[in-house]
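A.B. asks: Fold the stuff below for me.
(chains A, B, C and D)
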Protein chains: 4
Amino acid sequence: VSERSIDLNADLGESFGRWRLGDDDALLAVVSSANVACGFHAGDPSTMRRSCELAVRHGVRIGAQVGYRDLVGFGRREIDYEPAELADDVLYQIGALDGFARAAGDRVRYVKPHGALYNRTVRDRRQADAVTAAVAAYDRSLPLLGLPGSSLLASAAEAGLDTVGEAFADRAYTATGELTPRRVPGAVLADEDAVLAQVTRLVTEQQVIALTGELVPMRAGSLCVHGDTPGAARLAVQVRATLTAAGVRVAAFR
Amino acid sequence: VSERSIDLNADLGESFGRWRLGDDDALLAVVSSANVACGFHAGDPSTMRRSCELAVRHGVRIGAQVGYRDLVGFGRREIDYEPAELADDVLYQIGALDGFARAAGDRVRYVKPHGALYNRTVRDRRQADAVTAAVAAYDRSLPLLGLPGSSLLASAAEAGLDTVGEAFADRAYTATGELTPRRVPGAVLADEDAVLAQVTRLVTEQQVIALTGELVPMRAGSLCVHGDTPGAARLAVQVRATLTAAGVRVAAFR
Amino acid sequence: VSERSIDLNADLGESFGRWRLGDDDALLAVVSSANVACGFHAGDPSTMRRSCELAVRHGVRIGAQVGYRDLVGFGRREIDYEPAELADDVLYQIGALDGFARAAGDRVRYVKPHGALYNRTVRDRRQADAVTAAVAAYDRSLPLLGLPGSSLLASAAEAGLDTVGEAFADRAYTATGELTPRRVPGAVLADEDAVLAQVTRLVTEQQVIALTGELVPMRAGSLCVHGDTPGAARLAVQVRATLTAAGVRVAAFR
Amino acid sequence: VSERSIDLNADLGESFGRWRLGDDDALLAVVSSANVACGFHAGDPSTMRRSCELAVRHGVRIGAQVGYRDLVGFGRREIDYEPAELADDVLYQIGALDGFARAAGDRVRYVKPHGALYNRTVRDRRQADAVTAAVAAYDRSLPLLGLPGSSLLASAAEAGLDTVGEAFADRAYTATGELTPRRVPGAVLADEDAVLAQVTRLVTEQQVIALTGELVPMRAGSLCVHGDTPGAARLAVQVRATLTAAGVRVAAFR
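C.D. replies: Down below sits the predicted model:
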């Protein structure tokens, strides 16, 4: 990734049936990559179709946001899958979303785990390998989007897949470059100025200031913003404006 | 389809998690086309992967057996879907199965509705159009397998899709060529000789004898056998032997 | 029901996991009976527990709002259940909710079908009998809440169960006292004054003016208000104020 | 429990819709307590109703076999529930089953966790407390059935609930009285004589011989047999005959 451009990604299509979540329209005007839920933790088929159509209309890249099979828990509960069964669940989700992406005139361009699967594959190599195996079985040209230094990206790289490290605009980091757990006070940057300062530092200095004060190197090809809370979509707009002001173009990776 | 060859199809991959159903191994040695369940009425991702791998190993063609979202009812309850939502559910299932088919080295080659969706689309043109729309959106080269004279095949043909009419080895027909409803005594041919006689008449004379005695013309490119009841797989073997004895080769359509 | 008091009911507890729906807190300050979703079309166990606790705290009566097993369709798609299976699904839901109601210090006090099950049992006596059978099997003292003149209330009455007819504050009626189908323009009273006028006429004259102009007798022991759309909870407050102004006390039936 | 009688329990009602599992009829002729699945890991409402009716007909006590919400994994995957949500899921299941038990003329008499929830609550006190809290909220007179020495029974006892320790006829124990993990060779006693010898030792000496050879004290109020594999129901018959031959009566605890 050039220092002069960065990808901006956000979770999308997380409604389910009668239940609506997130401000997808607002986010699609801001991001370059949409992590579209695939029906296991969120997202029903009609929502997936609409999300893909909207993404194509906005010129936003479609990624498969794959999760555990856990609607009621929104994919936020860690589950002790057998790795082979996890790989099959991930492959199923990628294929299902790709059908809608292709019907909309594009295709799935990358894969990003959601929620507890994201967190689990930061450190659990067996589940990381399962996700990698699914992506490799489906299409070896699909990059995996994840946390720099995670088991997931290590697994994918060893398997010869492309990887893209992402940074979070609104999350506090530890001194070793991991995400501060949500239960720790200050784990989520509540202050708008703090978020925008972290964004600026990320793209101009390739580093962040940890919650404990240390400067931590952080090379990211993509920046994650959120849209499922009040004000989140508005903040995403400001993140993009901040990038532009810093002379950094928002563009999908690769 | 030449008069000297016919396709033989059966439902496969209808297990779910811990629950096993059908004798897939036995059927795969007999049929030329496997209607693989896609997870909505039966079939979990790991079962789908195994079914696709086995089908490829046996040189059996993979079809998407799409159904209503109704695991507990096994897709046998008619549901009043909005057509657009039904199309999305069907497209989702085709894409999901295609991922496993491609990972196994082949791809989905046709689509066949299951259970209540099969029966409903015999006469409900709106739901038939929904299935057709899903197939057309995914891949216009995929044929639809269904009942000759059904709304489904009419819809598909009008949309420019290929269609394949199927006959049932073990079901009794009405004088107008429809399936005798299951609640009518004699609707399912219980006698082995009757099944084999119907098969012979289908492939040599292109007709069946209705339950009420009439001769009914019946041109079918595929013959459906079942494998989910005791003795069913064994009967399928005999159907195939009967075809061979009649000089008819079993081969996937097209 | 005395002419000087009426029950006010609303659907509650229709969130599911991460997804929130309805303004339950506002409604609980207004109604005397809460139709709590039981997990099949909406409502997860934690939502059910909270709904029961809140209802008890507000002195609001708890009813089981039973629906088809159809989360993604929110119970709004008619399903051709076998009656025995429908009865079992309904009994399951009542028992599950009653556990939370009892844990909260009260119990389920009545049963009301939701969505497509409500509409289907207006005219389908087999499904109506299934609902009645479930209620009778669980507790013969539970009344059924439904549309006056429906198959459901006829079935329940013949089975010796108590019934309570309900009227809708915001729905237009036909000349025969049925609900005008939603697809007909004017089926839902959009105008606030029209809603409040219908409420006043219902409680003072026991009649409504049909969409086509006729005066229709309408004796209802309960009045249904909605809370799942913007402004709905506020309108419910005005309905209650209108009742009070008309000298009609809001109180749970029986 | 008198030394001259012991309870015999087995899992029942683990079918789901079209999928059948276990030989419930055979088991009901053998056991004194039936752990009936409640719909989250297995068991649909119609299966639950039938199981309760059959249990009552056979004079077999009904217990709620509660599990994680995981149909496809059959409740065998550990899930990191929030304890409060786990308690709600357990309470939901108990209430739902109790509806069928009461409709059949009896009621739920005890609670036993299934699969991964059983294993998890052997050592995870937070999840154990969640199960205990659900039982206490529903009915403080319901005993919990579990592994002697487990966190679950400790939690229940501290909460003032009754507990019943169970032993397994066909599982090998460690020197500390825990179950040998299934991945260890010999974890399941394959030999019929070994099973019956363990049963005899359990009821006459209140001890077992560990897989590693040690004599381990084991006081159990109930003995668990299985019925979901070929030959299992037949073995259960022999276990009962062995108990009778040893002068031990089979009778439900308390």
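A.B. asks: now the helices: where do they sit in the stretch 101-250 of chain A?
C.D. replies: All helices of the stretch 101-250 of chain A, identified by DSSP state H, counting those that start in this stretch, fall at A:115-123, A:125-138, A:151-158, A:192-205, A:232-245.
A.B. asks: how far out from the middle of the chain is stretch A:153-164?
C.D. replies: 16 Å (C-alpha atoms, centre = their mean, to the nearest Å).
A.B. asks: Of all the residues in that stretch, which ones are buried?
C.D. replies: A:Leu153, A:Ala154, A:Ser155, A:Ala156, A:Leu161, A:Asp162, A:Thr163, A:Val164 (16 or more other C-beta atoms under 10 Å in any protein chain shown). C-beta here means a position set from N, CA and C on the backbone, and glycine is covered the same way.
A.B. asks: Any chance you could list what contacts it?
C.D. replies: A:7, A:110, A:121, A:125, A:128-129, A:131-133, A:135-136, A:140-147, A:165, A:221-222, A:253-254 (C-beta atoms under 8 Å, 6 or more residues apart in numbering or on different chains).
A.B. asks: Can you tell me which of those residues are buried?
C.D. replies: Among the contacts of stretch A:153-164, those classed as buried by 16+ other C-beta under 10 Å are A:7, A:110, A:121, A:128-129, A:131-133, A:135-136, A:142-147, A:165, A:221-222, A:253.
A.B. asks: Any residue of stretch A:97-115 touching chain C?
C.D. replies: No. Contact of stretch A:97-115 with chain C (C-beta under 8 Å from any C-beta of the partner chain) is absent, the minimum separation being 10.0 Å.
A.B. asks: first to last residue in that stretch, what's the distance?
C.D. replies: 18 Å (C-alpha to C-alpha, to the nearest Å).
A.B. asks: near chain C, which residues of the stretch 1-150 of chain A?
C.D. replies: So the stretch 1-150 of chain A meets chain C at A:15-21, A:42, A:44, A:71-74, A:76 (C-beta under 8 Å from any C-beta).
A.B. asks: can you tell me which two in those are farthest apart?
C.D. replies: Greatest spatial distance among the residues of the stretch 1-150 of chain A next to chain C (C-beta to C-beta): A:Arg18 and A:Arg76, at 20.7 Å.
A.B. asks: hang on, the earlier thing: among the buried residues of stretch A:153-164, pick out the one closest to D:Ala169, please.
C.D. replies: Of the buried residues of stretch A:153-164, the one sitting nearest to D:Ala169 (C-beta to C-beta) turns out to be A:Ser155, at 42.3 Å.
A.B. asks: Within range of chain D, give me the residues from chain A.
C.D. replies: Residues of chain A lying near chain D (C-beta under 8 Å from any C-beta): A:Arg69, A:Asp70, A:Val72, A:Gly73, A:Arg77, A:Glu78, A:Ile79, A:Asp80, A:Tyr81, A:Glu82, A:Glu85, A:Ala116.
A.B. asks: does the third one sit in a helix, a strand or a coil?
C.D. replies: Following DSSP: H, G, I helix; E, B strand; the rest coil, the label given to A:Val72 is coil.
A.B. asks: Excluding chain neighbours, give the residue nearest to it in space.
C.D. replies: Leaving aside its sequence neighbours, A:Val72 sits nearest to C:Gly17 (C-beta to C-beta, 6 or more residues apart in numbering or on different chains; 4.2 Å).
A.B. asks: mind listing what that neighbour touches?
C.D. replies: Residues in contact with C:Gly17, defined by C-beta under 8 Å, 6+ apart, are A:Leu71, A:Val72, A:Gly73, A:Phe74, C:Asp44.
A.B. asks: OK, contacts around A:Pro218?
C.D. replies: Heads up, residue A:218 is Met, not Pro. A:Pro148, A:Ala167, A:Tyr173, A:Gly177, A:Leu202, A:Gln206, A:Gln207, A:Val208.
A.B. asks: please redo it, this time with the cut-off set to 6 Å
C.D. replies: A:Ala167, A:Gln207, A:Val208 (C-beta atoms under 6 Å, 6 or more residues apart in numbering or on different chains).
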